[in-house]
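S.K.: Give me coordinates for this.
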Amino acid sequence: MTDVTRRPTRIAHVGIAVRALDDILPFYRDLLGMPEVPLDDADGARIAGLAAGESLVELLQADSDATPIGKFVAKRGPGIHHICFAVDDLDGTLARCRNAGVRLIDETPRLGAEGKRIAFLHPAATAGVLIELTEL
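M.R.: A predicted model of the protein is given here:
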């Protein structure tokens, strides 16, 4: 039997839906002094990454009203869209959630921004918060 030391779950990033990146990016970058981190666009959103210690803030601008971010902004306005937790074992974490009856949006991991494996949990199961999981 091998002793597997697990790293603690950590906040990978907070996704913030915005109407226009160009309007809000200077606030985070210039006024708060958060350095930009290059990120690929994904899931119908332009993404601006900003370093916040060991975590990131992702500013998400919809490419169209039909995308998840576009629908979110139309219904709720700009604001926190999701929080992403990095876990040691994405498949194992999803299995534990599934076995506990947690409603999953992604039954199996898929590729997200930067080619990372991700999966979303439904906010109905997480006190109204859209949770994204990714591997450390």
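
S.K.: C-alpha only now, for contacts and for neighbours.
M.R.: Fine.

S.K.: Next SSE downstream of the helix or strand containing Asp23?
M.R.: In this assignment (DSSP states H and E), Asp23 forms part of helix 21-26. Note on helix 21-26: by DSSP H and E, the next helix or strand toward the C-terminus is strand 36-37.

S.K.: before we move on, the earlier item: what does the helix holding Asp23 rub up against?
M.R.: The contact list for helix 21-26, computed with C-alpha atoms under 8 Å, 6 or more residues apart in numbering, reads 18, 48, 59-61.

S.K.: looking at those residues, which has the most residues close by?
M.R.: Neighbour counts for the contacts of helix 21-26 (other C-alpha atoms under 10 Å) peak at Leu60, which has 28 neighbours.

S.K.: where does it sit relative to Phe72, distance-wise?
M.R.: Here Leu60 is placed at a distance of 11 Å from Phe72 (C-alpha to C-alpha, to the nearest Å).

S.K.: Name the residues contacting each of the two.
M.R.: With C-alpha under 8 Å, 6+ apart, Leu60 and Phe72 have common neighbours Ala17.

S.K.: Neighbours of Leu39, how many?
M.R.: 14.

S.K.: what about it, which SS state?
M.R.: Under DSSP: H, G, I helix; E, B strand; the rest coil, Leu39 falls in the coil class.

S.K.: ok, the nearest residue to it once chain neighbours are set aside - how many residues close by?
M.R.: Using C-alpha to C-alpha, 6 or more residues apart in numbering and skipping residues adjacent in sequence, the residue nearest Leu39 is Gly49, 6.0 Å away. Each residue near Gly49 was counted by other C-alpha under 10 Å, and the total is 22.
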